[in-house]
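> Here is a sequence together with a model predicted from it:
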Amino acid sequence: MAAKKPGIDKDLIRELAALLKETELSEIEIEQNDFRIRISRQTSSAPTHVTYAEPPKQAEASAAAEKVEAAKSLADPTRHPGAVPSPMVGTVFRAPDPKEKPFVEVGDEVKVGQTILIVEAMKHMNEVASPRAGKVVAILVEDGQPVEYGQPLMIIE
């Protein structure tokens, strides 16, 4: 009787695809013994819609431009001037221990150099320090979430 080859684990593929969507990663690859699976997704940007209107007065135009830029930076945290990017690929932890409270919460004031979270990479815990003083206005990651290099972790204004 011939040995049966292991079939494709459809549940594993579904889990990995869900993880891609949840974490907004573009690719995951797993290799174990003689088994290797790579899941990737294409990301596309939405088409741009252009509307033409009469040009506003100079003061109104300046205020409107600031509002548009602020809205863009909130919609795309990578463009926000207060975004704190991940220094490496790894898993983010918001507290030093699962039983302890997070380093920071939204609304907290932080100082330059203050530890705001940890990124674990290859079993090494790397503290992420605040690059600026200010108020934490958004935390963009969940505890235990995988992150990519340069991915915005939080916004400090």
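Okay, I see it.
> looking at the protein, which helix or strand is least sure?
helix 58-75 (a mean of 53; mean pLDDT, DSSP states H and E).
> And the next helix or strand past that helix?
Counting by DSSP states H and E, the next helix or strand C-terminal to helix 58-75 is strand 83-85.
> Can you name every helix or strand that the helix or strand encompassing Glu127 contacts?
In this assignment (DSSP H and E), Glu127 forms part of strand 124-129. Judged by 3 or more C-beta pairs under 8 Å, 6 or more residues apart in numbering; DSSP states H and E, strand 124-129 is in contact with strand 115-121. Heads up, the C-betas are built off the backbone N, CA and C, glycines and all.
> What strands line up against the strand it packs on, and which way round?
Using DSSP bridges, the strands paired with strand 115-121 are strand 90-93 (antiparallel), strand 124-129 (antiparallel).
> could you dump these to JSON lines with mean pLDDT, distance to Asp143 and mean neighbour count?
Output for the strands paired with strand 115-121, formatted as JSON lines (pLDDT from 0 to 100; distance: least, C-beta to C-beta, whole Å; neighbours: other C-beta atoms under 10 Å):
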{"stretch": "strand 90-93", "mean pLDDT": "93", "distance to Asp143": "6", "mean neighbour count": "19"}
{"stretch": "strand 124-129", "mean pLDDT": "90", "distance to Asp143": "14", "mean neighbour count": "14"}
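> domain parsing for the chain?
10-40, 77-156 (automatic domain parsing).
> who touches the strand holding Glu127?
84, 86-88, 90, 93, 112-120, 153 (C-beta atoms under 8 Å, 6 or more residues apart in numbering).
> what's the answer for stretch 88-99, then?
86, 101-104, 117-122, 125-126, 139, 141-149, 153.
> circling back: I'd like the strands paired with strand 115-121 written out as CSV, with distance to Arg38 added.
Converted to CSV, those look like this (distance: least, C-beta to C-beta, whole Å):
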stretch, distance to Arg38
strand 90-93, 20
strand 124-129, 25
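> do you know which of the ones you listed lies nearest Ala18?
Ala18 lies closest, by C-beta to C-beta, to one member of the strands paired with strand 115-121: strand 90-93, at 17.0 Å.
> Can you identify the element that follows the closest one toward the C-terminus?
strand 109-110.
> which helices and strands does that next one pack with?
strand 134-139.
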